[in-house]
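In: predicted model, plus sequence, below.
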Amino acid sequence: MASERRLKGGVLAALAGLLVLAACAGATRDSPRLLVLCALAALPLAGLLWHAMNGLVSRSAVRAELRDPVPTDQQSLVDNALALEARLEHAPIALFRVEPAGTVSPLNANARRLVAPGRAADPADLYRQLAAQPLDVRGMIGFDTERGVERALVSVSALTLHGSAQRLAALMPVESELEAEALNAWRQLVHVLTHEIMNSLTPVASLSRTAYELLEEFRAGLPDDVSADLVTALDAISRRADSLVAFVGSYRSLSNLPAPHPERVRLADLFERVSALVDPLWRARGGRTVFSVEPASLELMVDAGQLEQALINLLKNAFEATALVAGAEAQVVARLGRGGRLRIEVGDNGAGVPEALVAHIFTPFFTTKKQGGGIGLAMVRQLIHGNGGTVRYAKSVSAGARFIVSF
C-alpha cells in the first residue's frame, strides 16, 4: 500500500511540474532559449510520469488476476491432485520410493508408521530388503519388530518422474492376518477331530461297561482263566475309553473358548491374584516368582480371567522346566515398550527351548513331555490373540525361556 501511494504521488507531482513548465513555455514563447530550457526540464518529469503510471497499471493487473477465479480446467487439475495425494497418504498399504542409488524413503502414513519406533526394529535392514527386490515380482519378506518377526507381501514397480527413473515399493504386512487364519484353521480342525473321536469313543465306553456287566452275570459258568482274561480285557477297554474321553475333552476346550469380555484391568491387581495362585507351589519347592509392573498404575482393556489363565499356563510351563534347577525362579514383568505398546514378559531360569523346536511350540498337539497333551501354549496363543494381543518366544539373554505378550 505504501509503494502504491508513492506511485500515485509521483504521478501527481509529474503532472503538476509539466503544467507549470507548459505555462512558463507559453509565457516565454518569444524566447527560444527559454523554450529549450523548459523542454529539457520536462524530460525527467515525463519519465517520472511514465514510470509511475506503468507501476500503477502493473499492480492493477495483478489485483485483477488475483480476483479472477482459477479457470475451471486448472481448478479441476488441482482438485484431482489433492484427492490423489490424500488417497496415497491414507492407502492401506505402505508405499516407499526406491532411488536408483538404493536410497529408500517412506511415501505415506502407513510407511512412516512402519519404520517408526515400536514397529520395525531395524528400519535400515527393511530398506535394504526393499532395495533388493526385483521388479514386478510379488514376494514375501520378513523383518524384526517389537512383536517378533513380521511377514509382509511386497511388490516393486518402475516409473519415471520428471525425467528421473525411480521404483515404487508397496508393502503389506500380513503376519496378523496369517496368524488369525492359522488359529482359525486349527480351531476348526480340533473341533472336527474331537467331535468325530468323541462320537466313536462314547459307544465303545458304553459297550465295554455293558459287556462287563454281562460277564459278571454269567461269570460262574466260565472257566476261571477265561473269566479272568475277559475281566482284564474289558477293564482295560473301559479304562482306556474313559482316559481318551478325558484327553479329547481337554482339546475340545481349544475350539470352544468363550468370547472375551474386555474390561479395564489394573495389572498390579491381576498380578497379585496370579501370584497368590502359583507362588505357594514354587516356594514349596524352594523357588520363587517375582511380579513387577512399571509403572504401577498400568491398566489394560482385556478379559481379566482369560489373561490370568494365559499367565498361569506360561508359569506352569516354567515350573515344569525348572524342576531340576536349584533356586528356580520365574519373573513376570509388565512395562510399556517402544511405540507405547504394553509388553508382559514371562521368563524363567530353566533350560530354555531348543532352537529347532521354537517354530512348533505353539502348535496344537505338539509336545516334548511324556505326559503332555500339547495344548498349554496353544491355549495361551488362543487366549492372547482373542484379546487383541500376540505372544512369541524370545531367546533369553541368559539361561531359560522368555515369552513376550504384546498388546
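Out: Arrived safely, thanks for sending.
In: helices and strands around the lengthiest helix in the chain, which ones?
Out: When the chain is scanned for its longest helix (criterion: DSSP state H), the result is helix 175-218. Counting contacts by 3 or more CB pairs under 8 Å, 6 or more residues apart in numbering; DSSP states H and E, the secondary-structure elements packed against helix 175-218 are strand 148-161, helix 224-255, helix 376-386. Any C-beta I mention is one placed from the backbone N, CA and C, and that applies to glycine too.
In: which parts of the stretch 251-400 of the chain are strands?
Out: For the stretch 251-400 of the chain, applying DSSP state E, counting those that start in this stretch gives strands covering 263-266, 288-294, 299-302, 329-336, 342-348, 390-395.
In: what's the longest one in contact with?
Out: Residues lying outside strand 329-336 but in contact with it, judged by CB atoms under 8 Å, 6 or more residues apart in numbering, are 267, 271, 274, 282, 287-294, 298, 311, 315, 318-319, 322, 342-349.
In: what's the offset of the longest helix of the chain from the middle of its chain?
Out: Taking the mean C-alpha point of helix 175-218 and that of its whole chain, the gap between them comes to 37 Å (CA atoms, centre = their mean, to the nearest Å).
In: what's the angle between it and strand 148-161?
Out: Relative orientation of helix 175-218 versus strand 148-161 (axes from the mean of the first three to the mean of the last three CA atoms, to 10 degrees): 150 degrees.
In: residue 190 is nearest to which of the strands of the stretch 251-400 of the chain?
Out: Taking CB to CB as the criterion, residue 190 comes closest to strand 390-395 out of those, the separation being 18.4 Å.
In: tell me how far the residue nearest to the spatial centre of the chain lies from residue 142.
Out: For the chain, the residue lying nearest the average C-alpha position, counting by CA atoms, centre = their mean, turns out to be residue 119 (6.8 Å). Using CB to CB, to the nearest Å, we find residue 119 at a distance of 14 Å from residue 142.
In: for residue 345, which residues are in contact?
Out: With CB under 8 Å, 6+ apart, residue 345 has these contacts: 331-335, 394, 402-405.
In: pLDDT-wise, what's the bottom of those?
Out: For the contacts of residue 345, the weakest pLDDT value sits at residue 394, with 82.
In: quick check: it touching residue 405?
Out: No: judged on CB atoms under 8 Å, residue 394 makes no contact with residue 405 at a distance of 10.7 Å.
In: so which of those two has more stuff around it?
Out: Between residue 394 and residue 405, counted using other CB atoms under 10 Å, residue 405 has the larger neighbour count: 24 against 13.
In: for that one, give me its contacts.
Out: By CB under 8 Å, 6+ apart, residue 405 lies in contact with 310, 343-346, 384, 389-391.
In: that one should be in a strand, yeah?
Out: Yes: secondary structure assignment (DSSP: H, G, I helix; E, B strand; the rest coil) places residue 405 inside a strand.
In: please name the nearest non-neighbouring residue to it.
Out: residue 344 (4.2 Å; CB to CB, 6 or more residues apart in numbering).
In: also residue 378?
Out: Closest to residue 378 by CB to CB, 6+ apart is residue 364, at 4.2 Å.
In: any idea of the pLDDT on the one you found?
Out: 72.
In: and the closest residue to residue 268 other than its chain neighbours, how close does it get to residue 330?
Out: Computed as CB to CB, 6+ apart, the closest residue to residue 268 that is not its neighbour in sequence is residue 293, at 4.8 Å. Counting by CB to CB, the separation of residue 293 from residue 330 is 16 Å.
In: low pLDDT regions in the stretch 301-407 of the chain?
Out: In the predicted model of the stretch 301-407 of the chain, residues 338-339, 365, 369-374 satisfy pLDDT under 70.
In: just the terminal-to-terminal distance for stretch 342-360.
Out: 25 Å (CA to CA, to the nearest Å).
In: tell me the contacts of the residue nearest to residue 405?
Out: Residue 344 makes contacts with 267, 311, 332-334, 404-406, as judged by CB under 8 Å, 6+ apart.
In: just to revisit the earlier point, and residue 293 and residue 330? Which one has more around it.
Out: Ranked by neighbour count (other CB under 10 Å), residue 293 and residue 330 place residue 330 first, with 26 against 20.
In: what bridges to that one?
Out: Following DSSP bridges, residue 330 is listed with bridge partners residue 289, residue 348.
In: which residues touch residue 141?
Out: By CB under 8 Å, 6+ apart, the contact set of residue 141 is 129-130, 133, 151-152, 154, 171.
In: same thing but 6 Å
Out: Under the criterion of CB atoms under 6 Å, 6 or more residues apart in numbering, the contact list for residue 141 reads 129, 152, 154.
In: tell me who's in contact with the second one.
Out: Shown in contact with residue 152 (CB under 6 Å, 6+ apart): 141, 171-173.
In: lowest-confidence one in the residues you listed?
Out: Minimum pLDDT across those is recorded for residue 173, with 77.
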